[in-house]
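Participant: For reference, the sequence and a predicted model appear below.
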Amino acid sequence: MKFIENILSGEYKNILEQLSEDVVLDLQTVGTSKGKTSGIELLRKQTEYLKDEVKEVNILKVFEDKEHLVIEYDILLNNTFDLPLVAILVKDGERYNAVRTYHSVYPITKGHIFRAAIFSEEIILTEPQEVVKYFDAIAIGSTEATMQTLSFKDDVYFREPAGWRWNHKTELGLKEHFNHFFADGGVPLKFHNYIFDKNKGTFAGEYTCDKWGSATFKAQAGMSIYDINKTTGKITGIRVYDNVDMNYK
């Protein structure tokens with residue numbers, strides 16, 4: 001599906017014909033809706049939010065499992081910043097019955113907008129093994145344990161939600177990044193859903209974040225994506241899509 005492309009061109013029919021009648025949309029910054037009728041209005045709001053900001057739309061990666069299709073976009077903005085945006089489409093036969101998008105608003109507003117938690121039920125991740133170890137490591141704020149899950153022979157990187165200008169690479173660069181990341185303690189994420197495309201070696205996890213080090217704040221939704229070396233299991237790339245702000249108490 002050309003989701004963002006059709007939103008920007010106003011071709012809502014092309015989107016709606018691929019959605020179920022009771023589809024649930026949960027789109028970053030513009031809200032939620034249920035059903036196609038209210039969905040049209042939400043798509044229009046998304047168009048209004050993005051139409052004057054976007055210069056070019058590129059697809060970074062597409063992957064899937066039996067229940068989901070994930071599309072990662074690299075969007076170039078008129079202000080020369082890039083806007084990483086991901087869309088998750090939940091499969092319902094030949095259609096989709098839910099669509100969720102995640103992105104930081106910083107490239108557009110240089111600020112944050114509160115995004116409430118989407119899910120209520122928490123799950124325990126059991127795969128892939130090195131990604132599970134990574135989450136355990138960031139939960140306790142251990143740079144050493146986090147670094148052990150990364151594949152440096154594959155030029156591993158960590159891209160922040162605000163875009164490729166905030167991309168961390170090399171062993172020294174990533175160590176400095178995680179030391180800063182954990183300066184006040186760990187980040188224990190609560191996971192609710194995941195997509196693991198074993199053929200492409202890509203994992204995506206939807207989570208809630210309400211604690212960072214000693215700070216606690218309103219629960220906020222987010223998602224992160226991990227490319228994996230299929231031979232070693234180590235992580236080769238991390239891309240985060242959230243708008244988490246610790247100031248929302």
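Facilitator: Arrived safely, thanks for sending. Numbers count the residues shown, from 1 in each chain.

Participant: Confirm that residue 187 sits in a helix.
Facilitator: No - the assignment for residue 187, made by DSSP: H, G, I helix; E, B strand; the rest coil, is coil rather than a helix.

Participant: List the contacts of it.
Facilitator: 138, 139, 141, 181, 209, 211, 212, 213 (CB atoms under 8 Å, 6 or more residues apart in numbering). Any C-beta I mention is one placed from the backbone N, CA and C, and that applies to glycine too.

Participant: PyMOL command to pick out the buried ones of those?
Facilitator: Selection of buried members from the contacts of residue 187 for PyMOL, criterion 16 or more other CB atoms under 10 Å:
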select buried, resi 138+141+181+209+211+212
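
Participant: with the contacts of residue 187 in mind, which one is nearest to residue 34?
Facilitator: Nearest to residue 34, judged by CB to CB, of these is residue 209 at 25.1 Å.

Participant: Okay, and the beta partners of the closest one?
Facilitator: residue 220 (DSSP bridges).

Participant: So it versus residue 75, what's the distance?
Facilitator: Residue 209 sits 23 Å away from residue 75, taking CB to CB, to the nearest Å as the criterion.

Participant: Please identify which of the contacts of residue 187 is nearest to residue 222.
Facilitator: When the contacts of residue 187 are compared against residue 222 (criterion: CB to CB), the nearest one is residue 209, at 5.7 Å.

Participant: phi, psi of the residue of the chain most remote from its centre?
Facilitator: Most distant from the centre of the chain: residue 37, at 26.6 Å, with distances by CA atoms, centre = their mean. When read as degrees, to the nearest 10, the backbone of residue 37 gives phi -60, psi -50.

Participant: Give me the pLDDT value at it.
Facilitator: Looking at residue 37, its pLDDT stands at 93.

Participant: now do residue 111
Facilitator: Looking at residue 111, the pLDDT reads 88.

Participant: Tally up the residues packed near it, please.
Facilitator: Applying other CB atoms under 10 Å, we find 9 residues neighbouring residue 111.

Participant: May I ask you to confirm that it belongs to a strand?
Facilitator: No - judged by three-state DSSP, residue 111 forms no part of a strand; its state is coil.

Participant: How about the contacts made by it?
Facilitator: Residue 111 is in contact with residue 105, counting by CB under 8 Å, 6+ apart.

Participant: Go again with 10 Å.
Facilitator: Counting by CB atoms under 10 Å, 6 or more residues apart in numbering, residue 111 makes contact with 105, 243, 245.

Participant: Those residues into CSV, with extra columns for pLDDT, distance to residue 175 and secondary structure?
Facilitator: Formatted as CSV, these follow (pLDDT from 0 to 100; distance: CB to CB, whole Å; DSSP: H, G, I helix; E, B strand; the rest coil):
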residue, pLDDT, distance to residue 175, secondary structure
105, 95, 29, coil
243, 92, 26, coil
245, 88, 25, coil
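
Participant: most surrounded residue in the residues you listed?
Facilitator: residue 243 (22 neighbours).

Participant: roughly how far apart are it and residue 77?
Facilitator: The gap separating residue 243 from residue 77 is 16 Å, by CB to CB.

Participant: Out of the contacts of residue 187, which is nearest to residue 153?
Facilitator: Looking across those and measuring by CB to CB, the closest to residue 153 is residue 138, at 21.7 Å.

Participant: hang on, isn't that closest one packed against residue 188?
Facilitator: Yes - Residue 138 is within contact range of residue 188, at 7.9 Å (criterion: CB atoms under 10 Å).
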